[in-house]
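> here is a sequence together with a model predicted from it:
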Amino acid sequence: MKGEVAPQASAGTGRLAPRVTAALLSDPGPTRQANEDCGRVMMTTRPDLADVEDVLAVVADGMGGHQAGAVASRLAVEVVCRLFRGDAIDAGDSLREAVIEANHAIYVLAGQNPELQGMGTTCTALAIRPEGAYLAHVGDSRVYLLRDGALYQMTEDHTAVMDLVRGGILTLDEARRHPQRNVLSRAVGRTEMATPDVWSAPIPICMGDRFVVCSDGLPDAVTETCIRDVLVALEPSAACQALIDEAWNRHAQDNVTVAVISIEPAVPVGAGRLPETREAEVAR
């Protein structure tokens, strides 16, 4: 078995509420010995909001050498999960500040330890609350949304090549095949200040929505058509495993981390729920 699937967690106790299921799987991939990715999904009960749970999914892809990259990605995930407040007046601002604090923690630690100098990480954090979904994003990890059978990329890659696309110098198709497509123009921990992309307002969620939060190892190896087909056909934990398997089949050149969150129709009164925190790490 190439990975350890995080158990599903579901929302919905007492009154009628959307059922939220989530899973996360992280794998070094077929060509890497170490896993510099880190990911976590957290679910917290909100009984004052008709028992709808807050969900936070964070994926970070570290860089700076095997040890340093793993340190950076894990620290980013730990800080964001610890500091984000889903019950804040502005959850988007809370998510932004959590990523900024993660940047500060990594930058300071690298400055104190010569063996960690130059380390950094992507950091993509998706929070789902009753009023909608929030995002804070730095780097080239991604969020996708499956809605009504169509797959949408909800983040922009912070890479030098995508900067050329935005400037009209390269086409998107040229960027996908460019040899330097994974060179980041923005990362967490590399500089004293970070500037995460944050959605200006929460995106309303709909029954049947499925969100994917993933490191770039997934879309680099697996087509978006395949990602869409897997999400349509499978529940979150099975979808995570199928996408990791597909990345292996396509000889992924990087670590692969994928979280899938599904918003499903209301569940009946008294439905059970599982513990609130799920994490998937190195899977070898």
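Thanks, I have it.

> show me what the mean pLDDT comes to for the host helix or strand of residue 105.
Residue 105 is part of helix 91-112, with elements assigned from DSSP states H and E. For helix 91-112, mean pLDDT rounds to 97.

> please name every helix or strand in contact with that helix.
Judged by 3 or more Cβ pairs under 8 Å, 6 or more residues apart in numbering; DSSP states H and E, helix 91-112 is in contact with helix 66-83, strand 123-129, strand 132-138, strand 197-198. The C-beta positions use only the backbone N, C-alpha and C, and glycine is treated the same way.

> dump it to PDB, keeping only the CA atoms.
Only the C-alpha atoms of helix 91-112 are listed here, as PDB (Å, rounded to 0.1, in the frame of the first residue of the first chain):
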ATOM      1  CA  ALA A  91     -12.700  34.300   8.700                       C
ATOM      2  CA  GLY A  92     -10.900  35.400   5.600                       C
ATOM      3  CA  ASP A  93      -8.800  37.800   7.500                       C
ATOM      4  CA  SER A  94      -8.100  35.200  10.100                       C
ATOM      5  CA  LEU A  95      -6.900  32.800   7.400                       C
ATOM      6  CA  ARG A  96      -4.700  35.500   5.900                       C
ATOM      7  CA  GLU A  97      -3.100  36.300   9.300                       C
ATOM      8  CA  ALA A  98      -2.500  32.600  10.000                       C
ATOM      9  CA  VAL A  99      -0.500  32.200   6.800                       C
ATOM     10  CA  ILE A 100       1.400  35.400   7.400                       C
ATOM     11  CA  GLU A 101       2.300  34.100  10.900                       C
ATOM     12  CA  ALA A 102       3.400  30.800   9.400                       C
ATOM     13  CA  ASN A 103       5.700  32.800   7.100                       C
ATOM     14  CA  HIS A 104       7.200  34.600  10.000                       C
ATOM     15  CA  ALA A 105       7.800  31.400  12.000                       C
ATOM     16  CA  ILE A 106       9.600  29.700   9.100                       C
ATOM     17  CA  TYR A 107      11.700  32.800   8.300                       C
ATOM     18  CA  VAL A 108      12.800  33.200  11.900                       C
ATOM     19  CA  LEU A 109      13.600  29.500  12.300                       C
ATOM     20  CA  ALA A 110      15.600  29.500   9.100                       C
ATOM     21  CA  GLY A 111      17.600  32.500  10.300                       C
ATOM     22  CA  GLN A 112      18.400  30.700  13.600                       C
END
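
> ranges for the strands of the chain?
For the chain, the strands defined by DSSP state E occupy 17-27, 37-44, 54-63, 120-121, 123-129, 132-138, 142-147, 150-153, 197-198, 210-214, 256-267, 277-280.

> right, so those: which one is the most enclosed?
For these, average neighbour numbers computed from mean count of other Cβ atoms under 10 Å are highest in strand 120-121, which has a mean of 32.
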